[in-house]
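**Student:** Sequence plus the predicted model coming up.
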Amino acid sequence: MARLINLNSFRKFIQSETSGGVILIFCVIISLIIANSPLGPQFAELLNKVIGFQTETVDLKYSVSSWINDGLMAIFFLLVGLEIKRELVEGELSSFKQASLPILAALGGVIAPALIYHSFNIGLETDAGWAIPMATDIAFAVAIITMLGKNVPTSLKIFLAALAIVDDLMAILVIAVFYSSSLEYTYLLYAGGFVLLLIIFNRLGVKNLVFYLIPGAFIWYFIHHSGIHATIAGVITAFTLPTTPDDKESPLEKLEHVLVNPVNFIIIPLFALANTNITFESGMVEGLFTPLGLGIILGLMIGKPVGIFLASWLAIKLGVSKMPQRAGWIHLLGVGMVAGIGFTMSIFISILSFSDSHHLMAEAKFSILIGSLLSAILGSLLLIIVAKRKKETIEEDEELESLSNPI
């Protein structure tokens, strides 16, 4: 019964991500059209418009793009944190045997792209973007896998979702450690105090979400002013929310259900609108063949599948992990290729990496779009071909069996 409920919850999650992925693609196209139309300058001006308020003690006055990237994206990371904790407590990451394959595969899928990017950009200013091809976009990747339907075993969809969640956690840690400015320890202490308060609420069995979300907003504010990227506040807050391994809906699961649709249908599309407004200029295609462009594209297209495949092969051969049900090595390679879709988090890291250079940021975003598109197409084609050949083999075996056993 519990297994059935988990599968139903997973199907709902997949369906929501699929719909969100379609809207995300639409927003990317709209953003590109606006950026390359007469409305482009006005749109850029809107994104740079400063809103909010500021006093002697409170500073909440930022540009529209900053509110999206630092504010709304904190809610996105809150949802990611909720998904990670739920999986750790009751899902695919709840035991080492279950978690080992997606965790090790994600590790391989993080290291290999970073090494490929670094090898192209070593010694250059663009080497600061080494983490750009590390991340898998869970919305796009799961949407693509789901749209392939019966061509992909359900076990692989679960594997990809778990891998993408672990991948997100690694990307979050990289952002916190490597993409934060000089630290203001006073603000960190304030944030730490509120985190301690949330832990106490958890231990006391407080279940009202208000007691977590209001302190979480203060954590976001203090972390934002501490020099660490504010989105990490979402993950920290998520990890303090109480949950249970049984079927009863916990505060964590309740908040997750509330946030899924707003994040998939509002926050991520807004992020796409605000951050893929790339103005196509002469020389941009040539930029795909620069160290920056090649590092990103090859990191996503080759680094992701190779890293995921090799790490999975090693884990399975050593007996640490098991192959997903009804899946083979070629399936893992195909899923690894789809995992090369690195849209949301990759663009986010490119913004942090090249905030002082509009040219490098635009080049990085365009390379991410191309690398992600090629990864989606090639990975989908491989999985479709594998499914078709498997179906033909089954039909041939059935035909041979019927001939050898005439009625």
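**Tutor:** Ah, there it is.

**Student:** Now do the contacts for the residue nearest the centre of the chain.
**Tutor:** Central residue check for the chain by CA atoms, centre = their mean: the C-alpha nearest the mean position is that of Asp137, 3.7 Å away. Counting by CB atoms under 8 Å, 6 or more residues apart in numbering, Asp137 makes contact with 164, 341-346, 372. C-betas here are computed from N, CA, C, even on glycine.

**Student:** could you dump those to JSON lines with neighbour count?
**Tutor:** Shown next, in JSON lines, are the contacts of Asp137 (neighbours: other CB atoms under 10 Å):
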{"residue": "Ala164", "neighbour count": "28"}
{"residue": "Ile341", "neighbour count": "31"}
{"residue": "Gly342", "neighbour count": "29"}
{"residue": "Phe343", "neighbour count": "31"}
{"residue": "Thr344", "neighbour count": "25"}
{"residue": "Met345", "neighbour count": "27"}
{"residue": "Ser346", "neighbour count": "30"}
{"residue": "Ser372", "neighbour count": "27"}
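
**Student:** Which of those scores worst on pLDDT?
**Tutor:** In terms of pLDDT, Thr344 ranks lowest among these, with 76.

**Student:** my guess is that residue contacts Leu270, does it?
**Tutor:** No: using CB atoms under 8 Å, Thr344 makes no contact with Leu270, being 11.4 Å away.

**Student:** Any regions of the stretch 51-200 of the chain where pLDDT drops low?
**Tutor:** Where the stretch 51-200 of the chain drops to pLDDT under 70, the residues are 92-93, 139, 146, 180-182.

**Student:** Let me see the ranges of the helices in it.
**Tutor:** Under the criterion DSSP state H, counting those that start in this stretch, the stretch 51-200 of the chain contains helices at 64-66, 73-90, 96-121, 138-147, 154-178, 185-203.

**Student:** As TSV, these with distance to Trp130 would be great.
**Tutor:** Below are the helices of the stretch 51-200 of the chain laid out as TSV (distance: least, CB to CB, whole Å):
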stretch	distance to Trp130
helix 64-66	24
helix 73-90	21
helix 96-121	5
helix 138-147	21
helix 154-178	9
helix 185-203	25
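
**Student:** and among the ones you listed, the most buried is which?
**Tutor:** helix 138-147 (a mean of 24; mean count of other CB atoms under 10 Å).

**Student:** tell me what that helix is packed against?
**Tutor:** Applying 3 or more CB pairs under 8 Å, 6 or more residues apart in numbering; DSSP states H and E, we find helix 138-147 packed against helix 2-35, helix 154-178, helix 329-338, helix 358-404.

**Student:** Mind giving me the packing neighbours of the last one?
**Tutor:** In this case it means helix 358-404. Packing partners of helix 358-404 (3+ CB pairs under 8 Å, 6+ apart): helix 138-147, helix 284-287, helix 291-298, helix 329-338, helix 344-353.

**Student:** change it to 10 Å
**Tutor:** For helix 358-404, the elements it packs on are helix 2-35, helix 138-147, helix 284-287, helix 291-298, helix 304-317, helix 329-338, helix 344-353, judged by 3 or more CB pairs under 10 Å, 6 or more residues apart in numbering; DSSP states H and E.

**Student:** CSV for these, including distance to Thr276?
**Tutor:** Below are the helices and strands packed on helix 358-404 laid out as CSV (distance: least, CB to CB, whole Å):
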stretch, distance to Thr276
helix 2-35, 4
helix 138-147, 12
helix 284-287, 14
helix 291-298, 14
helix 304-317, 20
helix 329-338, 20
helix 344-353, 7
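
**Student:** mind listing what the nearest residue to Ile23 once chain neighbours are set aside touches?
**Tutor:** Using CB to CB, 6 or more residues apart in numbering and skipping residues adjacent in sequence, the residue nearest Ile23 is Pro269, 5.2 Å away. By CB atoms under 10 Å, 6 or more residues apart in numbering, the residues touching Pro269 are 20, 23-28, 30-31, 139, 263.

**Student:** One more: Tyr62?
**Tutor:** Counting by CB under 10 Å, 6+ apart, Tyr62 touches 50-52, 54, 68-71, 224.
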